[in-house]
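> sharing a model that was predicted from the sequence below.
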Amino acid sequence: MRAVVQRVSRARVSLPDTPEGEVTGEIEMGLLVLLGVGAGDTRADADYLAEKTMGLRIFEDDGGKMNLSVGEVGGALLVVSQFTLYGDARRGKRPSFDAAAAPERARELYEYFVGKVRAAGLRCETGRFQETMRVELANEGPVTILLDSGKGF
């Protein structure tokens, strides 16, 4: 599993193909998490990534040092599925998505990840799986962290 985690002062996801651009999730201070599921991923990968994401100490303490997690600052998460995190553009100019999980498996692990965050007591908003979405955010810092359950980076 892979995630792009961004520290935000606000973020929202909407569906541009709906008549009024339905908003499916919106947060103030917290983390925007773009989450990709790989073909071989398991619940253990989701457990690792959920714990790592929730525990990231990327919010500033009173001394201005990044030392606090999203839970410690009372923040929320907005988790958006993003299979394109498994796009491979090493050959040619059209990415291959062969390394991404099949939609059914990806949905299962995406929902499991969201459930882990909610079970930890954190507010967690979402996008809508397999829909065209518009993501808007204000990245604070900017702070952007890449995570990979296979520890490839």
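Right, received. Where do you want to start? Residues are numbered from 1 along each chain as shown.

> so for the longest helix anywhere in the chain, mean pLDDT?
Taking DSSP state H as the criterion, the chain has its longest helix at helix 103-119. For helix 103-119, the mean per-residue pLDDT is 98.

> after it comes which helix or strand?
strand 124-126 (DSSP states H and E).

> on contacts alone, who are the packing partners of that following strand?
Judged by 3 or more Cβ pairs under 8 Å, 6 or more residues apart in numbering; DSSP states H and E, the packing partners of strand 124-126 are strand 23-27, strand 76-81, helix 103-119. C-betas here are computed from N, CA, C, even on glycine.

> select, out of those, the one closest to Asp41.
Nearest to Asp41 among those is helix 103-119; the distance by Cβ to Cβ comes to 5.8 Å.

> now the helices for the protein?
43-55, 103-119.

> residues near the residue nearest to Val79 when sequence neighbours are not counted, how many?
Distances taken as Cβ to Cβ, 6 or more residues apart in numbering place Val33 nearest to Val79, at 4.6 Å, with adjacent residues excluded. A count of neighbours around Val33, defined by other Cβ atoms under 10 Å, yields 28.

> one more: Leu147?
Leu147, neighbours per other Cβ under 10 Å, totals 18.

> what sits against it?
2-5, 49, 52-53 (Cβ atoms under 8 Å, 6 or more residues apart in numbering).

> against Ile58, how distant is it?
When distance is defined by Cβ to Cβ, to the nearest Å, Leu147 is 11 Å away from Ile58.

> report the beta-bridge partners for the residue nearest the centre of the chain.
When Cα atoms, centre = their mean is applied to the chain, the residue found nearest the centroid is Val33 (2.0 Å). According to DSSP bridges, the partner residues bridging Val33 are Val5, Val79.
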